[in-house]
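S.K.: Okay, here's the prediction I keep looking at, along with the sequence it came from:
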Amino acid sequence: MSSGELKTGNNELFTSPDVDAARGFFKEKSRALESKLSTVEEVVRTMVNPGDYIAIGGFGANRIPNAIVHELVRQGKKNLGFAGHTSTHDFQVLVAGECFDHCDIAYIIGLEARGLSPAARRYMQSGKVRVTEWTNAALAWRLKAAAMGVSFLPARSMLGTDTFAFSAAKEILCPFTGQKYAGVPALFPDFAAIHVHESDVYGNCRVRGVTVSDQDLAKASKRVVITTERIVPSESIRAHPEDTFIPFWCVDAVIEVPYGCYPGNMPYEYYSDEQHLREWLQVEKDPEAYERFVKAEILDTKDFNEYLARNGGIEKMSKLRAIEMMTDTE
Amino acid sequence: MSSGELKTGNNELFTSPDVDAARGFFKEKSRALESKLSTVEEVVRTMVNPGDYIAIGGFGANRIPNAIVHELVRQGKKNLGFAGHTSTHDFQVLVAGECFDHCDIAYIIGLEARGLSPAARRYMQSGKVRVTEWTNAALAWRLKAAAMGVSFLPARSMLGTDTFAFSAAKEILCPFTGQKYAGVPALFPDFAAIHVHESDVYGNCRVRGVTVSDQDLAKASKRVVITTERIVPSESIRAHPEDTFIPFWCVDAVIEVPYGCYPGNMPYEYYSDEQHLREWLQVEKDPEAYERFVKAEILDTKDFNEYLARNGGIEKMSKLRAIEMMTDTE
Amino acid sequence: MAEYNAMELMICVASRNLEDGATVVVGTGAPCAAAMLAQKTRAPNLCTMFEAGGIAPRLPAMPISVGDSRTFYKALHAGSMPDVMETCQRGMVDYCFLGGAQIDMYGNINSTLIGSEHHKPKVRFPGSGGANDLASLCWRIMVMTSQDAKRFTEKLDFVTSPGYLDGGESRYEAGLPAGTGPYRIITNMAIMGFDETSKRMKVLSVNPGYSRDDIQDNCGFDLLWSDKLADTKPPSSDELRILREEVDPNGYIIGRG
Amino acid sequence: MAEYNAMELMICVASRNLEDGATVVVGTGAPCAAAMLAQKTRAPNLCTMFEAGGIAPRLPAMPISVGDSRTFYKALHAGSMPDVMETCQRGMVDYCFLGGAQIDMYGNINSTLIGSEHHKPKVRFPGSGGANDLASLCWRIMVMTSQDAKRFTEKLDFVTSPGYLDGGESRYEAGLPAGTGPYRIITNMAIMGFDETSKRMKVLSVNPGYSRDDIQDNCGFDLLWSDKLADTKPPSSDELRILREEVDPNGYIIGRG
């Protein structure tokens, strides 16, 4: 193919990047400063519709809204689209429910230094999932485009590779310099869940440590649920407006979920439960044992608190907190 | 003109949006974590070259690096290009020295609710200045494009207006949706000065209140000087990495300049000196009186501290601080 | 009935157009006063945004700059200028206010210059600032201005900010967001909207003390007239009291009336 | 001379390529160890960046995720993923490290899949993650990997991250930034660079205990050989001590060697 010809990625674009359509949605979205307190059960039941495209905040196992991820499995949500952006344990849990059947991929299957998830790998090799390739930055910029209210952004990655060929990006030229770019289309997820350190009842929230693309994700998504370690008075938000990470008008529901990132790492709160994460990776090797494990840990538990209790409860959380604070003596 | 034809702004593009050229500069820019302490005199003497395109942080009279702006006038810098982005008092001071002769315009001449600057208006009506029109968001996005390392971004403003016709933007179509956008070219200033609340000697700095586009400005600019109300220990930066507004590798020089935004408003520190700003606007009406004023206030003062002393010194600053803290009893 | 001046009337009328739970980008002066009045009357949860980044502050006093400390005082969020503009571009901002030296029958506004030579104008104004952006990106654009035939002009010297451009669908054909545009032009004499099809300025309501002739005589182009032409409801005594005692006790804005 | 394993050698070699005052994006594992070793030996002000946003932390322990708490511990800045990627795209990041299942003679890397059906591969890997971005946007790409003829292959099943693509100028013709590309491939057997013109992989230095034949036999394509072929300098006792006692005292990485 000559270098003068503009190439186009061959795979499926799962969501529309049309900005006027998105504006139509955002026009109707409530901006009222009113309490949005809800429950995990209610949010997943009412805010996640069949065929919805969803995205999960945080990075891998760090600051993920795991109560929501579990509930998606518990309520048997299927046929979702998923943004496989810096996903690790969240991806692994969603695979346990086979919740999605189409997926934008930047990083999937792996749990970084911990190794790969056998169950996630089996699912992604099964042919059951329609996939489109991207990169971490490409998905970050797709969310940024949506957050900015434009239908595409130019990017200098992906060019020349199969990652581009199996994406849904399009090569474009800069109107000023002629520079070639990968144009990446805006990604407006239908539903996003983000776990934070502190939020008021309106959804003004604060995070510390890893932020990834969550500010853009909150802006880009049509419906956003915040799970928070702690609800805080709105006056404390007003005392430090510079610290507000996501403003209330992006948010549709707020739920207090202490230890809501377990078994992942919540920065400045508790470290990841590496033993339990190893248990996941281990049990997945045997599909039947894995099925029993998922049933016991998620499907047969009433809620996320029961999952926490099964795995050591407050005592375990205190230990993980000690690791995070580097006050553990073991 | 038919709606199918892509229009192009007719005015001059003062800076190159070429990203590989910019990368070539950034490749050589120091990323060393070393002390960058300097002086206002030295920075303006060594870092501002004839014909340079400069940009000033802050918003109007709020959090502006006024010691640097004065020094540009004091050292008689001429023929500069200027980013007239949310500029008010800074613009007014630069006009006093006729420092620039080409200017990207979003907002100039005015001091918001305070009225218009007669001298700035005379200068901009004199025909001495080459100008290109933009908008606040367009200039913000031009800086963001540069900060992102891409040569353009799509924007939905300016379209259909003379602001577009007298800009250097170009209409482009979204490769995915066919949506028409104003493509705005990346803006890489040669020199930027930004005033902050706190910085360590390396240039890791924090601001509160108004941020405008200063994060993007620091990234987009080839040479960046930080003036800071206070130098703080680097350990205090490391204690709160979330609060670092600009990281050190963007910064070339750091100068402690207490009251460095006077007579403007430094959020949480001191309010603007409205009386002195009115004096500027008043004296400008008479060109000869204005010339004497500029000579006395800037050209004949040794440095910015002398300007502060002339206008009330510590006592005045304490009063402005009381207004900011809402503890003034007048 | 209470006495009031034109500025007080315009601010009261503007405030009634801001409903609770809406978002509005405001500048200094009259728009800010209108938003504050709305918050203190019928729209306590009107969310005010300042283009420099201050979101939903509890304004302790009238700001003198859209970026000054007061616009961040006990705010819910200190965003950036791109944040605010992108929130507008995404379609989350309902209202904005514009002003300018000239306005035409399609609600286009000039705040750039008078004259014909761009780099050497007869009179230079500040330029767009954020006006073109807000006029392009917010859902409903409002203008508060005094009315005379020089300001309400057939042809602008410079189209700084888009109204309905050449009327009809031309605004959307130019690429501007669907469904957006000028909404209310509030003057000392009348309240104007725009014809749905032609997008020409149309008088909806006549202010107390003015006639149709006054309004047309002080306009440099032919106005359309609503079939249901109304009388503008004057400020209530409650509105005036709150405006004078709580919103602008020093009379910085309404003093000029 | 001290004994050492292949992982220790690769980490020491990699660390020597990171000069003081440079910026490097690191992941977990060996690259992180190489950067830490460099900081504790000759490059105290090497600035480490993690793609999730942690900048120049004082790592209290080996991170298990590039986004975990440790990557922000006493950091100078907690940026975002777009921040870091855009800093790379702007040209401010000197080095990055990549790994993968396959690498070809132009330094292209596969970390996506083995097989021919994209949605139903024989073996699925994590995909690009940030690898393609870093390989596209940083100035110098380094790879640490064990060497065998299956991994060093003539043709990749999937080009996840760009090396020099088809060689010559093809990387830049594709739109990737001028002057960037694979810099060093560090294996248990050798250190490779790339020919300036053809952009083919070229052996620069042979590791202790290996021969030219070993290196070529464990490579699925024809290697070029430097005119000034060198012997790789083994780890010094200082390097080994610091690596074992300070960088990875639990042997998480070098234990696998």
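M.R.: Right, received. Where do you want to start? The structure displayed is predicted, hence computed values, not measured ones.
S.K.: only C-alpha atoms for contact and neighbour calcs from this point on.
M.R.: OK.
S.K.: mind checking pLDDT for residue 51?
M.R.: No chain was given, so I picked chain A. A:G51 is assigned 96 on the pLDDT scale.
S.K.: right idea, wrong chain: chain C
M.R.: 94.
S.K.: does the closest residue to C:G129 other than its chain neighbours sit in a helix, a strand or a coil?
M.R.: Distances taken as CA to CA, 6 or more residues apart in numbering or on different chains place B:Y107 nearest to C:G129, at 4.4 Å, with adjacent residues excluded. The three-state label for B:Y107, taken from DSSP: H, G, I helix; E, B strand; the rest coil, comes out as coil.
S.K.: State the distance from C:G255 to chain D.
M.R.: 47 Å (CA to the nearest CA, to the nearest Å).
S.K.: secondary structure element for that residue?
M.R.: Here C:G255, judged by DSSP states H and E, is contained in no helix and no strand.
S.K.: show me what contacts C:P57?
M.R.: C:48, C:70-76 (CA atoms under 8 Å, 6 or more residues apart in numbering or on different chains).
S.K.: Ignoring the adjacent residues along the chain, who's closest to it?
M.R.: Closest to C:P57 by CA to CA, 6+ apart is C:A75, at 3.6 Å.
S.K.: again with C:V206
M.R.: Of all residues beyond its chain neighbours, the one nearest C:V206 is C:A190 (4.5 Å), with distances taken as CA to CA, 6+ apart.
S.K.: Might you report the residue contacts of the one you found?
M.R.: Neighbours of C:A190 in contact, by CA under 8 Å, 6+ apart: C:203-207, C:215, C:232.
S.K.: can you count the residues close to C:P44?
M.R.: Neighbour count for C:P44, taken as other CA atoms under 10 Å in any protein chain shown: 16.
S.K.: go on, C:D222?
M.R.: Around C:D222 there are 14 residues (other CA under 10 Å).
S.K.: about what we covered before: just the contacts of C:A190: which are in helices?
M.R.: Residues of those located in helices (DSSP state H): C:I215.
S.K.: What about the contacts of C:A190, which one has the most neighbours?
M.R.: C:V203 (26 neighbours).
S.K.: And the pLDDT at the closest residue to it other than its chain neighbours?
M.R.: Nearest non-adjacent residue to C:V203, counting by CA to CA, 6+ apart: C:M192, 4.2 Å away. Predicted confidence (pLDDT) for C:M192: 98.
S.K.: Got the phi and psi for the residue nearest in space to the middle of chain A?
M.R.: Central residue of chain A (CA atoms, centre = their mean): A:I56, 1.3 Å from the mean position. Per-residue torsions, A:I56: phi -120, psi 130 (degrees, to the nearest 10).
S.K.: how close does the closest residue to it other than its chain neighbours sit to D:G130?
M.R.: Distance criterion CA to CA, 6+ apart; nearest residue to A:I56, sequence neighbours excluded, is A:A193 at 5.2 Å. Remark: distance between A:A193 and D:G130 (CA to CA, to the nearest Å) = 22 Å.
S.K.: which of those two has more neighbours?
M.R.: When neighbours are counted by other CA under 10 Å, A:A193 and D:G130 differ, and A:A193 comes out ahead with 30 against 26.
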